[in-house]
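Colleague: I need the structure of the sequence given here:
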Amino acid sequence: LEEIPRPIQDSGNILKQGYLEKRSREPSFFGSEWHKRWCVLTQRNFLYYANEKSKQPKGSFPIERYQPHLDSQLRKDSRKKCCFQLLCPGKRSYEFTAPSPAEAQDWVEQIRFLLKDLSSLTIPCDEDEEE
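Modeller: Prediction:
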């Protein structure tokens, strides 16, 4: 069953939320565009909204197989130490800028912690896979 994203206000399983700048997929004439987005990390998904009052997300994806890491190569300006990426083989990658280097680090750590938690919840289907 597909989980239908609910408005942020009545979502009980938010692990982290806040404003980040997200790099748009289509580069413009001036290079990559960065848009301020209200980002929400839940136990299963990463959602981003136009702002914190928005009811419908502009986008979302299951966080499960994404790997977060800090990446100072994403920007050339003074905020390059605030950047992180979410990568998943065979899927779109996402690039973000946090308000501060510490905040970027916190997003990465929260996502890593969540992924560790998710992998420990996975129960193997076949008896052969048991350790």
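
Colleague: CA atoms for contacts and neighbours, from now on please.
Modeller: Will do.

Colleague: for this structure, what spans make up the strands?
Modeller: Using DSSP state E, the strands of the chain run over 14-23, 34-42, 45-49, 59-62, 67-70, 83-87, 94-97.

Colleague: which one of the ones you listed lies closest to S119?
Modeller: S119 sits nearest to strand 67-70 of all these, at 12.6 Å, using CA to CA.

Colleague: from the contact counts, what lies against that closest one?
Modeller: Packing partners of strand 67-70 (3 or more CA pairs under 8 Å, 6 or more residues apart in numbering; DSSP states H and E): strand 83-87, helix 101-121.

Colleague: I'd like to know which elements the last one is packed against.
Modeller: If I follow you right, that is helix 101-121. Packed next to helix 101-121, using 3+ CA pairs under 8 Å, 6+ apart, are strand 14-23, strand 67-70, strand 83-87.

Colleague: circling back to that earlier point, just put the helices and strands packed on strand 67-70 in JSON lines and tack on distance to W34.
Modeller: Converted to JSON lines, these look like this (distance: least, CA to CA, whole Å):
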{"stretch": "strand 83-87", "distance to W34": "11"}
{"stretch": "helix 101-121", "distance to W34": "15"}
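
Colleague: deepest in the core, which of these is it.
Modeller: By mean neighbour count, with neighbours taken as mean count of other CA atoms under 10 Å, strand 83-87 ranks first of these at a mean of 22.
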